[in-house]
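Visitor: Give me a 3D structure for the following:
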Amino acid sequence: MVLGLIPARFASTRLPGKPLVDLGGISMIQRVVAQAQQANLARVVVATDDERILQHVREFGGEAVLTHPHHPSGTDRLWEAFQLLGSPPDVHCIVNIQGDEPFINPAQINALADLFADAATAPDIATLVKPVLTEEELFSPHLPKVVLNQRGHALYFSRHPLPYQRGRERAEWLAHHHYLRHLGLYAYKPAVLEQLTRLPVSPLEAAESLEQLRWLEAGFRIQCAETELEAFGIDTPEDAERARVRLGR
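Guide: Model prediction:
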């Protein structure tokens, strides 16, 4: 059984109440839930820290649990949510679906869930990567990049382009390497998710402000699946307005 969990916090520095933002007459969190329900998931549950979000999700027919408001990361919120659901023993994979991506494609979720279909080959952790297409993407610190080994396991994540192209102008970098950027969609074995919540902040994580570096430093392998599909996260009022334009409203 694959369980989809959607962490949804009310507090947001740049867009307070983000999950409840109206996008063409439908809240952002309802759009995320609707997209996730089209994937091959046995169950989709919102993990929120706010009673307003909890009630809203239940009103539109979704499933939600109320978690502690002071979790240091979405990973910790997911683990509490899993426990609140009774730690279902038949769940072999938990997919962490970002609550601020109302256009997430179900195929992206399936790409990760499929990696866990065979227990003998299932990874501890899986995530999505996408080819970098523009110089703007490549050098944006807001779009983390990743380098992989030959088996598709992550070697390192960074806000800086990796690898560095010594002796070449920045405008030439894309022509000489297949750069990948990280999309914030994860899947885990339940037992691994529990272990991740016990790890302290690591030096690399503190330097880059990327939680997945904590996992790499602790020795976990992260399997990466490549997608051509774009991600559309909403962090600011301007992002929300672009989403409304995309919806034609």
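Visitor: just checking, what packs against the longest strand along the chain?
Guide: Secondary structure assigned by DSSP state E gives strand 180-188 as the longest strand of the chain. When contacts are defined as 3 or more C-beta pairs under 8 Å, 6 or more residues apart in numbering; DSSP states H and E, strand 180-188 sits against strand 93-96, helix 106-113, strand 125-131, strand 145-148. Heads up, the C-betas are built off the backbone N, CA and C, glycines and all.
Visitor: for those, which one sits closest to A191?
Guide: Comparing those against A191 with C-beta to C-beta, the closest turns out to be strand 93-96 (10.3 Å).
Visitor: That closest one pairs with which strands, parallel or anti?
Guide: Using DSSP bridges, the strands paired with strand 93-96 are strand 2-8 (parallel), strand 180-188 (antiparallel).
Visitor: returning to that earlier point: would you mind writing the CA trace of the longest strand of the chain as PDB?
Guide: Presented in PDB, the C-alpha positions along strand 180-188 are these (Å, rounded to 0.1, in the frame of the first residue of the first chain):
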ATOM      1  CA  LEU A 180      19.800  18.200 -13.100                       C
ATOM      2  CA  ARG A 181      17.800  20.100 -10.600                       C
ATOM      3  CA  HIS A 182      15.900  18.700  -7.600                       C
ATOM      4  CA  LEU A 183      12.100  18.600  -7.300                       C
ATOM      5  CA  GLY A 184      10.900  18.500  -3.700                       C
ATOM      6  CA  LEU A 185       8.900  15.300  -4.000                       C
ATOM      7  CA  TYR A 186      10.100  12.400  -1.800                       C
ATOM      8  CA  ALA A 187       9.100   8.800  -1.000                       C
ATOM      9  CA  TYR A 188      10.300   6.600   1.900                       C
END
